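> Structure for this input, please:
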Amino acid sequence: MKNIIFDLLHILDEAGIDQPVAGNVISERLGISRTAVWKYVHLLREVGYVIDASPKTGYTLRKRTWLLLPYEVKRYLKTKVIGQDMHHFEQVPSTNALARQMMHEVGDEVQPGTVLIAEQQTGGLGRMNRVWMSPAGGIWATIVVMPKLHVDQTFLIMMASSISLARAIRHEFELSALIQWPNDVFIGDKKVAGTTMELTADEDIIRYCLVGIGVDVNVSVEKVMPNLSNFVTSLSDELGHDVDRAQFFAVFLKEFERRYEMILKGEKESLFREWRSLSRTLHRRVRVRTIRESFEGEALDVDEHGALIIHKDNGEVERVIAGDCYLI
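Predicted structure coming up:
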């Protein structure tokens, strides 16, 4: 949508909810005709804003859109880089696929920290290319970051994203979110969010990473994914009411930026300590399934590359780089 539409919305926001602004005032401030004002108000209504119009008092913002528009996120955003350039889509196959295409076609023009948001994904994929249901009401997004790091430090970025999701959930809603190795966020015994990551490198140095974010926010799991209701939850299901997705997403982006800066400064030990403090995997009995084998044991720790260290029941110590891990 054109920036002028959101300039108009900003004028209504300055007045506040339920406070009218005369049409001629908007017209003069934006340097457009009153007919154009009416046209742009109509466009704002089409994306969910409730705006009353009166010949006597002008235009009054009554209710905000439920869409996760960049304008709405930026009302709360306090980052310096992450999310400063943001793009919104109604429905896409996946934001990661779209980001991949964007980097291929116009990568030189993409700002570090660019965020792509979709209201719904029709082909969302999680880790190991598993189907990731992405219904309306969730947050489905990709962050493009360009750290000049060696590829063996890739796990730090996934750590930063999962820590940030858990912290944002705890901070905003006082829910006890924990991280299950390697990248899922749980509330109790049910998954509420997860992250994925793709990277492109020049030799061994990362050129860019696509950090995929998926959070079941205002989603009724029982209605939308009844077959997963024993394993999946949403923030609205946990709280009993819908939440402000824009505010939550802005908080998450701020949390992510803080930890991303820690990575760039080389403060990885602090990141590991925080990840360990939020882990629901460590010091628990687990069942691990890799492409080669399946075994049980105790999860001891993660190493410097993010691999999970397991003390197997047969007495051996196994280092798991990739696989599924279940608490038992």
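
> Every contact and neighbour count from this point should use C-alpha atoms.
Will do.

> the helices in the stretch 1-150 of the chain, which residues?
3-15, 23-30, 34-46, 70-74, 95-106 (DSSP state H, counting those that start in this stretch).

> List the buried residues for the third one?
Which is helix 34-46. Of the residues in helix 34-46, 37, 40-41, 44 count as buried by neighbour count, 16 or more other CA atoms under 10 Å.

> Same check on stretch 271-279?
Buried, per 16+ other CA under 10 Å, within stretch 271-279: 271-272, 275-276, 278-279.

> got a list of contacts for it?
156, 159-160, 163, 166, 177-181, 259, 262-263, 282, 301 (CA atoms under 8 Å, 6 or more residues apart in numbering).

> let's see it at 6 Å
Contact with stretch 271-279 is made by 178-179, as judged by CA atoms under 6 Å, 6 or more residues apart in numbering.

> Stretch 212-229 too?
The contact list for stretch 212-229, computed with CA under 6 Å, 6+ apart, reads 137-142, 192-197, 234-236, 242.

> Which two of those have the greatest separation?
Greatest spatial distance among the contacts of stretch 212-229 (CA to CA): M197 and D242, at 28.1 Å.

> Mind checking which of these two has more residues around it?
More crowded of M197 and D242, by other CA atoms under 10 Å: M197, with 20 against 16.

> Secondary structure element holding the nearest residue to T196 once chain neighbours are set aside?
Spatial nearest neighbour of T196, excluding adjacent residues (CA to CA, 6 or more residues apart in numbering): G212 at 4.8 Å. Assigned by DSSP states H and E, G212 belongs to strand 205-215.

> Just the CA atoms of that strand, as CSV, please.
The C-alpha trace of strand 205-215 is given here as CSV (Å, rounded to 0.1, in the frame of the first residue of the first chain):
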residue,chain,number,x,y,z
ILE,A,205,31.7,-17.5,5.5
ILE,A,206,28.0,-16.9,5.8
ARG,A,207,26.6,-14.5,3.1
TYR,A,208,23.1,-14.5,4.5
CYS,A,209,20.8,-16.5,6.7
LEU,A,210,17.0,-16.8,6.4
VAL,A,211,15.6,-17.2,9.9
GLY,A,212,12.1,-18.6,9.7
ILE,A,213,9.7,-17.9,12.6
GLY,A,214,6.4,-19.6,13.2
VAL,A,215,4.2,-18.9,16.3
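
> now the angle from that strand to helix 95-106?
Orientation of strand 205-215 against helix 95-106 (axes from the mean of the first three to the mean of the last three CA atoms, to 10 degrees) gives an angle of 150 degrees.

> which outside residues touch stretch 237-245?
Contact with stretch 237-245 is made by 218, 236, as judged by CA under 6 Å, 6+ apart.

> Could you identify which of the helices of the stretch 1-150 of the chain is most buried?
With neighbours defined as mean count of other CA atoms under 10 Å, those peak in mean count at helix 70-74, which reaches a mean of 19.

> contact partners of it?
Outside of helix 70-74, the residues within contact range by CA under 6 Å, 6+ apart are 86, 246, 250.

> show me what contacts Y59?
Applying CA under 6 Å, 6+ apart to Y59 gives the contacts 20-21, 52-53.

> biggest separation within those, which pair?
Spatial extent of the contacts of Y59 (CA to CA) is set by the pair V21 and D52 at 10.4 Å.

> Now M86. Nearest residue, chain neighbours left out?
Nearest residue to M86 in three dimensions, chain neighbours excluded: V115, at 4.7 Å (CA to CA, 6+ apart).

> re the thing from before, V21 and D52: which is more packed in?
The neighbour comparison of V21 against D52 (other CA under 10 Å) goes to V21, with 21 against 16.

> Could you report the pLDDT at the residue nearest to T196?
Looking at G212, its pLDDT stands at 95.

> who's it bridged to?
Counting by DSSP bridges, G212 forms beta bridges with T142, T196.

> so how far is F231 from it?
From G212 across to F231, the span is 21 Å (CA to CA, to the nearest Å).

> dump the residue contacts of L178.
L178 makes contacts with 185-186, 278-280, as judged by CA under 6 Å, 6+ apart.

> Which helix or which strand is home to it?
strand 177-180.

> For that strand, list the C-alpha coordinates in PDB.
The C-alpha atoms that make up strand 177-180 are tabulated as PDB, following Å, rounded to 0.1, in the frame of the first residue of the first chain:
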ATOM      1  CA  ALA A 177       8.000 -21.100  27.600                       C
ATOM      2  CA  LEU A 178      11.000 -23.400  27.300                       C
ATOM      3  CA  ILE A 179      13.200 -24.500  24.400                       C
ATOM      4  CA  GLN A 180      13.300 -28.100  23.200                       C
END
